[in-house]
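Colleague: Dropping a prediction and its sequence here:
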Amino acid sequence: MAENTVKPLIRLVDDEADQLMSLSLLLEGEGWQTAAYQSAAAFFAGDTPSRPGCLILDVRMPDITGLQMQAEMNRRQYPLPIIFLTGHGDVDMAVQTMKDGAKDFLLKPVDPERLLTAVAKIVQDDLDQRSMPIDEAEWKKRFERLSSREQDVIRGAIKGLLNKQIARKMQISERTVQAHRNTAYRKLEVHSVADMAPLTVLFSRGILS
């Protein structure tokens, strides 16, 4: 997201410390900045609503549940999109959270590719709402600078695949994948997977394939 001066922040709220650490490691490993909270109270006390990004929120928590927290955010007109993440969800609950404004509802254990894709799309939606849209033509031009091999590597990278997984899929060495990745990053003018979130959005919009 090189065109935006404010780096998006991914907020995580879950009463389980291990879950917070696991999600933080996954997201930070892809270049996202995160802030972790073990309660709704800690989140409301520590967060800065003006900073773009999204919230990954657990449903079942002591004191204030995720659903109650969503209701309070709506009451405060809190400008932050929510991804619910829970091990105890059901269809009715998912439908209700989406009616109340949530952007996605994922079940634990969450699939990393699905979570990373959701984060990239939802963060960009938030940036669009805050009048910080991506330059679609510029990102399309950058992607088209890449060779076909480099494009394949980047398609895998934005899905959260490791180099060894991309190498296995493409039937090339892990070292070759890393070389293609380095060259692609330079051509795209990025430093991490998080910086390439606009590409994920372009794929979801059918502008890239």
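Modeller: Received, thanks. Numbering: from 1, shown residues only.
Colleague: show me where this structure has strands.
Modeller: In the chain, the strands defined using DSSP state E lie at 9-13, 33-37, 53-58, 82-86, 104-107.
Colleague: Quick check: mean pLDDT of the second one?
Modeller: In this model, strand 33-37 has an average pLDDT of 97.
Colleague: For it, list every residue counted as buried.
Modeller: 34, 35, 36, 37 (16 or more other CB atoms under 10 Å). Where C-beta positions appear, they are placed from N, C-alpha and C, glycine not excepted.
Colleague: got any ranges where the protein has weak pLDDT?
Modeller: 1-5, 89 (pLDDT under 70).
Colleague: ok, now which ones touch the residue positioned nearest the centre of it?
Modeller: Residue closest to the mean C-alpha point of the chain, counted by CA atoms, centre = their mean, is residue 119 at 2.1 Å. Contacts of residue 119 were listed using CB atoms under 8 Å, 6 or more residues apart in numbering, and they are 10, 27, 32, 54, 56, 83, 197.
Colleague: quick revisit: now the strands of the chain as JSON lines including distance to residue 191?
Modeller: Listed next are the strands of the chain as JSON lines, based on distance: least, CB to CB, whole Å:
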{"stretch": "strand 9-13", "distance to residue 191": "17"}
{"stretch": "strand 33-37", "distance to residue 191": "13"}
{"stretch": "strand 53-58", "distance to residue 191": "18"}
{"stretch": "strand 82-86", "distance to residue 191": "24"}
{"stretch": "strand 104-107", "distance to residue 191": "26"}
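Colleague: Most tightly packed of those strands?
Modeller: Highest mean neighbour count among the strands of the chain (mean count of other CB atoms under 10 Å): strand 53-58, with a mean of 26.
Colleague: Apart from its neighbours in sequence, what residue is nearest residue 64?
Modeller: Using CB to CB, 6 or more residues apart in numbering and skipping residues adjacent in sequence, the residue nearest residue 64 is residue 40, 3.9 Å away.
Colleague: how many other residues sit next to that neighbour?
Modeller: By other CB atoms under 10 Å, 21 other residues sit near residue 40.
Colleague: Was I right to think it contacts residue 68?
Modeller: Yes - because the distance of 7.4 Å satisfies CB atoms under 8 Å, residue 40 is recorded as touching residue 68.
Colleague: Compile the contacts of residue 119 into JSON lines and extend it with columns for distance to residue 181.
Modeller: What follows is the contacts of residue 119, written out as JSON lines (distance: CB to CB, whole Å):
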{"residue": "10", "distance to residue 181": "22"}
{"residue": "27", "distance to residue 181": "19"}
{"residue": "32", "distance to residue 181": "18"}
{"residue": "54", "distance to residue 181": "26"}
{"residue": "56", "distance to residue 181": "26"}
{"residue": "83", "distance to residue 181": "27"}
{"residue": "197", "distance to residue 181": "16"}
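Colleague: Fine, thanks again, bye for now.
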